[in-house]
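Peer 1: just the structure for this:
(one chain, ligands or ions: 1)
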Amino acid sequence: MASITLAGVSVEFPVFNAASRSLKNRVLSVATGGAIDRRTDGHVIVRGLEDVSCAIKDGDRIGLVGHNGSGKTTLLRVLSGIYRPTSGSAAIDGDCVSLINISLGIDPEATGRENIRLRAAMMGMRPEELRKQFDEIAEFSGLGDFLDMPFRTYSSGMQLRLAFSTSTAIRPEILVMDEWLSTGDEDFKHKADKRLREIVSTTKILVLASHSRELLQKNCNRILWMDHGRVRMDGPANDVLPAYFG
Ligand SMILES: Nc1ncnc2c1ncn2[C@@H]1O[C@H](COP(=O)(O)OP(=O)(O)OP(=O)(O)O)[C@@H](O)[C@H]1O
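Peer 2: You can find the predicted model right below:
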């Protein structure tokens, strides 16, 4: 059984070089972004998340929606252990793989093949497991001879192909991702979409941040609507998607 429990999670970012005199009010809420606030000691902070609570269990395929700066990426980072809550608690039970930073573990000077090894190791794949899967990963990337070229010579779509092929070779219990898939070409998008659906059907918990109604509709059964760092609505996809997208 995998589960995630967030209780009153807030994440604040101190900003030491803000032009603080131009912040007229103590609490500013803007159309995009989290709340900008000033602590009693005068420091300016941005609140990425504010008092977020939710319980996620096996079988939940969560979609995160919300305006730019509403806290989706910050929440994904909390779930993958990159950020610790400034207050509140986040309990993540189950092995979690995050596909939110496609360049994580990538060395631009190393070749495609070397980078497959680096990224696989970073995701916790054992050497014998990688040996079994290596050819399949290389094949899926469709990069051919480019696998022997340094990663820095790749276009952004080629970089995506390499990262996606490697990252999706393992089947974690909890998968956290955003919609970086969108830079692939049609051929790869089609392949990636199919593979994504395989993963979605085998992972116990999926959390996917996206601005695409179609992608969310296809992959998610529950939607968290984020608004200025808070959860505005949490419910079945069929209720929340029409409310959010109108
Ligand atoms: N490293 C950081 N330093 C300061 N503020 C940050 C940092 N990361 C995020 N924020 C702030 O936290 C808030 C939430 O940002 P986040 O990236 O989580 O939004 P998002 O919902 O993923 O947005 P988008 O749809 O634009 O990707 C924003 O106000 C942003 O300015």
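
Peer 1: ok, then the element right after the helix-or-strand element of the chain with minimal mean pLDDT?
Peer 2: Lowest by mean pLDDT, DSSP states H and E among the helices and strands of the chain is strand 27-28, with a mean of 52. Once the chain leaves strand 27-28, the next helix or strand it forms, by DSSP states H and E, is strand 35-38.

Peer 1: for that following strand, packing partners?
Peer 2: Secondary-structure packing of strand 35-38 (3 or more Cβ pairs under 8 Å, 6 or more residues apart in numbering; DSSP states H and E): strand 27-28, strand 44-57. For the C-beta atoms, the positions are set from N, CA and C on the backbone; glycine is no exception.

Peer 1: with mean neighbour count and distance to the ligand as added columns, please give these in JSON lines.
Peer 2: Listed next are the helices and strands packed on strand 35-38 as JSON lines, based on neighbours: other Cβ atoms under 10 Å; distance: least, Cβ to the nearest ligand atom, whole Å:
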{"stretch": "strand 27-28", "mean neighbour count": "12", "distance to the ligand": "11"}
{"stretch": "strand 44-57", "mean neighbour count": "19", "distance to the ligand": "3"}
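
Peer 1: per-domain residue ranges of this protein.
Peer 2: 3-16+34-94+209-245, 112-174+186-203 (automatic domain parsing).

Peer 1: rewinding a little: out of the helices and strands packed on strand 35-38, which is closest to His228?
Peer 2: Of all those, strand 44-57 sits nearest to His228, with 7.5 Å by Cβ to Cβ.

Peer 1: which elements pack onto the closest one?
Peer 2: When contacts are defined as 3+ Cβ pairs under 8 Å, 6+ apart, strand 44-57 packs onto strand 3-15, strand 35-38, helix 72-79, strand 87-93, strand 205-209, strand 230-236.
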